[in-house]
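1. sequence-free structure coming up:
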């Protein structure tokens, strides 16, 4: 069942490590978050929000900076659940159509 008001669209399967797909997320306000990721590991799904890659100056390793964030953990957790529900529903719908 999809989350009310959130819509996962343009799902593109891409399986690598925990990554299962890229997708866009439309919020009730009309805001589009392009380039979200759906992950799965240890019987748990979660959504990654868009980020910006950069090289950590201290370690020289490639890493990601958050572009979108939340004011507090309860807000983040609620959004994460709604976004994950919408993405998994889109994933299952695409799987059923195949």
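-> Perfect, thanks for sending it. Worth saying up front: this structure is predicted, and the values here are computed from it rather than measured. Numbering: from 1, shown residues only.
2. what's the first-to-last distance across stretch 61-70?
-> Terminal residues of stretch 61-70 lie 26 Å apart, using C-alpha to C-alpha, to the nearest Å.
3. starting at the chain centroid, how far to it?
-> 13 Å (C-alpha atoms, centre = their mean, to the nearest Å).
4. outside of that stretch, which residues touch it?
-> 33, 49, 50, 51, 52, 53, 54, 55, 56, 76, 79 (C-beta atoms under 8 Å, 6 or more residues apart in numbering). Heads up, the C-betas are built off the backbone N, CA and C, glycines and all.
5. Counting only helices, which of those residues make the cut?
-> If you go by DSSP state H, those have 76, 79 in helices.
6. Which members of the contacts of stretch 61-70 occur in strands, if any?
-> Here DSSP state E is the test, and those give 33, 51, 52, 53, 54, 55 as lying in strands.
7. for the third one, what are its contacts?
-> Taking C-beta under 8 Å, 6+ apart as the contact definition, residue 52 lies against 64, 65, 67.
8. From the residues you listed, list just the buried residues.
-> Buried members of the contacts of residue 52, scored by 16 or more other C-beta atoms under 10 Å: none.
9. picking up where we left off before, same list (the ones in strands among the contacts of stretch 61-70) but as JSON lines, adding pLDDT and distance to residue 94.
-> Compiled in JSON lines, the ones in strands among the contacts of stretch 61-70 are given as follows (pLDDT from 0 to 100; distance: C-beta to C-beta, whole Å):
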{"residue": "33", "pLDDT": "96", "distance to residue 94": "19"}
{"residue": "51", "pLDDT": "92", "distance to residue 94": "24"}
{"residue": "52", "pLDDT": "93", "distance to residue 94": "28"}
{"residue": "53", "pLDDT": "92", "distance to residue 94": "27"}
{"residue": "54", "pLDDT": "93", "distance to residue 94": "32"}
{"residue": "55", "pLDDT": "94", "distance to residue 94": "35"}
